[in-house]
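Student: all I have is the shape, not the residue letters:
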Ligand code: PHE
């Protein structure tokens, strides 16, 4: 009996001293394992005097249960203090202000595009996309440029390969949209265009919006009325619009348009009645259908609206610019 008592005392001490879960596992094995102390006592019972066998067996089993429950208690305590140490080490101050990622912003050009699209959508125009790499036919040929036209010169056009170019204007979207379809059409086509020049007021990539309308009766008067309404929408209710006679191979008559701006005029783009040859190139009979088109630069409008002083700043991708807008 005293051996069992001693064993309990030893186990208690060893369990209390176990500093880690691994140590505790070893302590438990030492006392409760198949080759452990309790098992040894139980094995020795047969050699005891008959009267002692029962009480010693009972005491040994009791000791086994006690040790088991001490081990469990100790395990729980070790786990709790381990977690506390962990928490202390990786302390997190939840009252600190968070590091919020900066919100994204729309580029000024995107904002102007959206505004323009909303205006023309309200007049029943749909948006048409076109690729930035175009065929020579869509960019020039179908638009009635003669083969030796200077716009095809290496000075102005970025040639890609296999007869394709970076589109020099959004007018090829007219060709893509009209070919194989029957009027009426009312479309706008916003997008990037490319020309071979670069200085404070020109970048090799810039943005245009093409607009065109074709049916059996629309006139230059509709064009001017719509553009004037558009100019007033963009630049204020007192804005005036003026046409200056001009030449484009794909419109006849053609004009350049300006809007009134700070006591003077700001050049805005080109326009005119779509040339019969262009309609014919798209499979449309110019005896039955007629229409007009315009194409305007959008970057200066965006610069003016958001106070950006230099065109090149618009396309450098510096977030500090966007943050100021
Ligand atoms: N595509 C012409 C340009 O980029 C503009 C234009 C479009 C003129 C439509 C007339 C009609 O200069």
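Tutor: Noted; the coordinates are in hand. Remember, predicted model here, so these are calculated numbers, not experimental data.
Student: please enumerate the strands of the protein.
Tutor: Assigned by DSSP state E, the strands in the chain fall at 126-127, 133-135, 164-166, 185-194, 205-215, 241-248, 251-261, 264-274, 290-297.
Student: and those strands as TSV, adding mean pLDDT, mean neighbour count and distance to residue 320?
Tutor: Yep, even glycine has a C-beta here, placed from its N, CA and C like the rest. Shown next, in TSV, are the strands of the chain (pLDDT from 0 to 100; neighbours: other CB atoms under 10 Å; distance: least, CB to CB, whole Å):
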stretch	mean pLDDT	mean neighbour count	distance to residue 320
strand 126-127	98	14	31
strand 133-135	97	19	32
strand 164-166	95	20	29
strand 185-194	97	20	23
strand 205-215	97	22	21
strand 241-248	96	15	35
strand 251-261	96	19	27
strand 264-274	95	19	27
strand 290-297	97	24	24
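Student: as a markdown table, the ones you listed with distance to residue 43 would be great.
Tutor: Below are the strands of the chain laid out as a markdown table (distance: least, CB to CB, whole Å):
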| stretch | distance to residue 43 |
| --- | --- |
| strand 126-127 | 91 |
| strand 133-135 | 90 |
| strand 164-166 | 93 |
| strand 185-194 | 90 |
| strand 205-215 | 91 |
| strand 241-248 | 110 |
| strand 251-261 | 107 |
| strand 264-274 | 104 |
| strand 290-297 | 100 |
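Student: make TSV from these and add distance to the ligand to it.
Tutor: Output for these, formatted as TSV (distance: least, CB to the nearest ligand atom, whole Å):
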stretch	distance to the ligand
strand 126-127	16
strand 133-135	12
strand 164-166	13
strand 185-194	7
strand 205-215	6
strand 241-248	5
strand 251-261	5
strand 264-274	3
strand 290-297	3
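Student: looking at those, which is nearest to residue 314?
Tutor: Evaluated over those, closeness to residue 314 peaks at strand 205-215, with 8.9 Å, by CB to CB.
Student: mind listing the strands the closest one pairs with, and their directions?
Tutor: Here strand 205-215 is paired, per DSSP bridges, with strand 185-194 (antiparallel), strand 290-297 (antiparallel).
Student: which residues are in contact with the first one?
Tutor: Among residues not part of strand 185-194, those counted as contacts by CB atoms under 8 Å, 6 or more residues apart in numbering are 113, 116-117, 120, 123-130, 132, 158, 166-170, 173-174, 177-178, 204-215, 291, 298.
Student: tell me how far it is from the chain's mean position?
Tutor: 23 Å (CA atoms, centre = their mean, to the nearest Å).
Student: what's residue 206 in contact with, if anything?
Tutor: So residue 206 contacts 192, 193, 195, 297, 299, 311 (CB under 8 Å, 6+ apart).
Student: for residue 241, that is, sorry about that
Tutor: 224, 227, 228, 231, 257, 258, 259, 260.
Student: count of neighbours near the residue nearest to it when sequence neighbours are not counted?
Tutor: Distances taken as CB to CB, 6 or more residues apart in numbering put residue 228 closest to residue 241, at 4.4 Å, once the chain neighbours are dropped. A count of neighbours around residue 228, defined by other CB atoms under 10 Å, yields 16.
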